[in-house]
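let's see this in three dimensions:
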Amino acid sequence: MADLTVATPDEDIFDSIVMAEERFHEDGFTEGFAAGKIAGDQEGFKMGQVKGRQIGSEYGFYLGFVATWLQLVKEDPGLAKKNVVKTLDVLNAMLASFKVNDINNESYWDDLKKIRDKFKQVASLLGVKLDFTDEKTQQPPMSF
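Just a heads-up that it's a prediction; the model follows:
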């Protein structure tokens, strides 16, 4: 908060009054900036948690899907054609090589999109209409 100083005899009393508004403005800006930084950090952390949960849930869904179908095909080889099994193996390899925690990797989002696309291809080849949705992680769109 700005301090109101008494004008010295060499200063004009009106200068200290006029300058008080500027000091209050600067102090208000500094306090507001600090409060905004704290609020922004908290909001960013929360958003990161939500987005991380969404990606983790989706990744786990794909892992479970692939593991289930690979086990089914292992038990009954006639369940799926060879090209479907090969595509399942490719998706499994993509999931195994995907580094979920390495968000700073340049290819992170491209790799995630490739996994989604490969999943859609596998689901189509298997003739199952399945898409990942997790109501617990669905958030309303952000608005400003």
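
which residues does stretch 84-103 contact?
Outside stretch 84-103, the residues that touch it by Cβ atoms under 8 Å, 6 or more residues apart in numbering are 55-56, 59, 62-63, 66-67, 69-70, 73, 80, 105, 108, 111-112, 114-115, 118-119, 121-122, 125-126. Where you see a C-beta, it was placed from the backbone N, CA and C, and this is true even at glycine.

so for that stretch, what's the average pLDDT?
The average pLDDT for stretch 84-103 rounds to 93.

buried sites along it?
Using 16 or more other Cβ atoms under 10 Å as the test for burial, stretch 84-103 gives 84-85, 87-88, 91-92, 94-95, 98.

just to revisit the earlier point, got a ChimeraX select line for the buried ones in the contacts of stretch 84-103?
For the buried members of those, the matching ChimeraX selection, counting by 16+ other Cβ under 10 Å, is:
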select :59,62,66,69,70,73,80,108,111,112,115,118,119,122,125,126
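
in helices, which of the contacts of stretch 84-103 appear?
If you go by DSSP state H, the contacts of stretch 84-103 have 55-56, 59, 62-63, 66-67, 69-70, 73, 108, 111-112, 114-115, 118-119, 121-122, 125-126 in helices.

in CSV: the buried residues of stretch 84-103, plus distance to residue 20.
Shown next, in CSV, are the buried residues of stretch 84-103 (distance: Cβ to Cβ, whole Å):
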residue, distance to residue 20
84, 77
85, 78
87, 73
88, 73
91, 67
92, 69
94, 64
95, 63
98, 59
